[in-house]
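Engineer: got a sequence here, can you model it:
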Amino acid sequence: MHILRCDASMNFKNHVFSKASSSSVSRILVPIDGSDSSMKALELAIDLATKYKSKLCIVNVIPTYQLYCWLMAPGGAFCHESLFIPTGVLKEMEEEGKNLLVSALSFVQGIGVESYAIMRKGHPASEIIRVAEEENIDLIVIGNEKRGIFARLLFGNVSQSVANKAPCPVLIVKRDETHGDDK
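Structural biologist: Now for the predicted structure:
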């Protein structure tokens, strides 16, 4: 396959890609948080993994990045999750994330797609990108969440941050505007 590419100085370059290298999607990452949009992303990721015989990496990130940390200089002495999230709440979040991953993993493996799960804590976009790098991911399939103003200020738009900084292509699955995530 021949592809004509143009760089910033308007110089055209002729690139040749073999069919095998352009369609190789052996590892797909899908972050889930239980929202409708993340479940739609999981469904699409399963379809792609089935089609390309890819391994599916299912990720859940417990958002422990707090407003105080956001306002502090990076690496500040007082910037630690345990100062802001009560232990009981953190344990509940971990249990909820674990249950979500176990459920998704059982479903995906029941379909016959090779898969594994990873749970992380921290800033969602940063952790998703970190996992993509560590696991040599070829494609990220992520739902486009709708968050309130406070969550957007605190976390930003996770799907957009991932798309801008990911080491691989990112497929953003739009949420259904008529129901689900827009409540």
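Engineer: how close does Ser115 sit to Pro86?
Structural biologist: Counting by C-beta to C-beta, to the nearest Å, the gap between Ser115 and Pro86 amounts to 33 Å. C-beta: built from backbone N, CA, C; applies to glycine.
Engineer: the more surrounded of these two?
Structural biologist: Ser115 (22 against 9; other C-beta atoms under 10 Å).
Engineer: please tell me I have it right and the more buried one contacts Leu56.
Structural biologist: Yes. The criterion here is C-beta atoms under 8 Å, and Ser115 meets it with Leu56 at 4.0 Å.
Engineer: hey, what's in contact with both of the two?
Structural biologist: Common neighbours of Ser115 and Leu56 (criterion: C-beta atoms under 8 Å, 6 or more residues apart in numbering): Ala49, Val108.
Engineer: for the protein, give me the ranges with low pLDDT.
Structural biologist: 1-23, 65-85, 146-156, 175-183 (pLDDT under 70).
Engineer: helices of that one, start to end?
Structural biologist: With helices called from DSSP state H, the chain shows them at 19-22, 36-52, 67-71, 87-111, 124-134, 149-155, 158-165.
Engineer: what's the closest of those helices to Val141?
Structural biologist: With C-beta to C-beta as the measure, helix 36-52 is the member of the helices of the chain nearest Val141 (4.2 Å).
Engineer: buried residues, that closest one. List them.
Structural biologist: The neighbour-count check on helix 36-52 (16 or more other C-beta atoms under 10 Å) flags 36-42, 44-46, 48-49, 52 as buried.
Engineer: any idea how far Cys57 is from Thr87?
Structural biologist: Distance from Cys57 to Thr87, by C-beta to C-beta: 29 Å.
Engineer: reformat the helices of the chain as TSV; add distance to Leu171.
Structural biologist: Output for the helices of the chain, formatted as TSV (distance: least, C-beta to C-beta, whole Å):
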stretch	distance to Leu171
helix 19-22	16
helix 36-52	7
helix 67-71	28
helix 87-111	17
helix 124-134	13
helix 149-155	20
helix 158-165	9
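Engineer: which among these is found nearest to Ile172?
Structural biologist: Of all the helices of the chain, helix 158-165 comes closest under C-beta to C-beta, at 5.0 Å.
Engineer: all good on my end, thank you.
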